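> generate coordinates for the sequence data below:
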Amino acid sequence: MLYKNINTNEYHEFNCAVNPAIWVEVAQADVSNAVFKINQSAKISEIKQSFATATKSGYTCTNGIIMDADLTSIQTLKSGYDLAVKLGATTMDITDYNNIDHLALPIADVDTMLTELGVNYNTLRVKKNTLKKQAESAKTQAKLDLVVW
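Next up is the predicted model:
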């Protein structure tokens, strides 16, 4: 049977007795809507996971260096860049996605890489948010199925 948690509005299937103070049986007419809500929630989780995977998969900059593309890694690189600029350095050492050190990269190259990484991250973030909104606004399973990373 399908039950709804009265505290969280989550749906779960149980084949055993449940606590009636927490779970209420969903009427048969509401089952398809409940299943859709479960699918909708799963789709949103899938979108979030796809975003996380995309940001953790590395990004190849135009200079050919593959960099970590998650926000923390970009911010770490930006902090190093800012310090190098503040100290008047003209080059910078970095470590890429594959843990390969790149020594004495020109500051201008690192600046370009930061711009590329930022644009990539923002593009992925916008994609995630757009798909999440599409999934949230879908009213039918057919519309939900069209939402694909």
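> quick one: the nearest residue in space to residue 106 that is not next to it in sequence from residue 108, how far?
Leaving out its chain neighbours, the residue that sits closest to residue 106 by Cβ to Cβ, 6 or more residues apart in numbering is residue 91, at 5.8 Å. For every residue, glycine as well, the C-beta is placed using N, CA and C. Applying Cβ to Cβ, to the nearest Å, the value for residue 91 to residue 108 is 10 Å.
> same question, residue 125
Between residue 125 and residue 108 the distance is 26 Å, computed by Cβ to Cβ.
> what's the answer for residue 148, then?
Per Cβ to Cβ, residue 148 is found 38 Å from residue 108.
> can you give me the pLDDT of the most centrally placed residue in the chain?
Of all residues in the chain, the one closest to the mean position by Cα atoms, centre = their mean is residue 51, 2.8 Å from it. Looking at residue 51, its pLDDT reads 98.
> what's the helix or strand for it?
Assigned by DSSP states H and E, residue 51 belongs to helix 28-56.
> tell me the contacts of residue 114?
For residue 114, the contacting residues are 74, 77, 78, 81, by Cβ atoms under 8 Å, 6 or more residues apart in numbering.
> scratch that, residue 105
Counting by Cβ under 8 Å, 6+ apart, residue 105 touches 91, 92, 93, 94.
> now it: which helix or strand?
strand 101-106.
> show me which residues of the next helix or strand after that strand are buried.
As assigned by DSSP H and E, the chain's next helix or strand after strand 101-106 is helix 107-137. Neighbour-count burial for helix 107-137, counted by 16 or more other Cβ atoms under 10 Å, picks out 109-110, 113-114, 116-117, 120-121, 124, 128, 131-132, 134-135.
> need those in TSV (columns: pLDDT).
Formatted as TSV, those follow (pLDDT from 0 to 100):
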residue	pLDDT
109	98
110	98
113	98
114	98
116	98
117	98
120	98
121	98
124	98
128	98
131	98
132	98
134	98
135	97
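> perfect, I'm done here.
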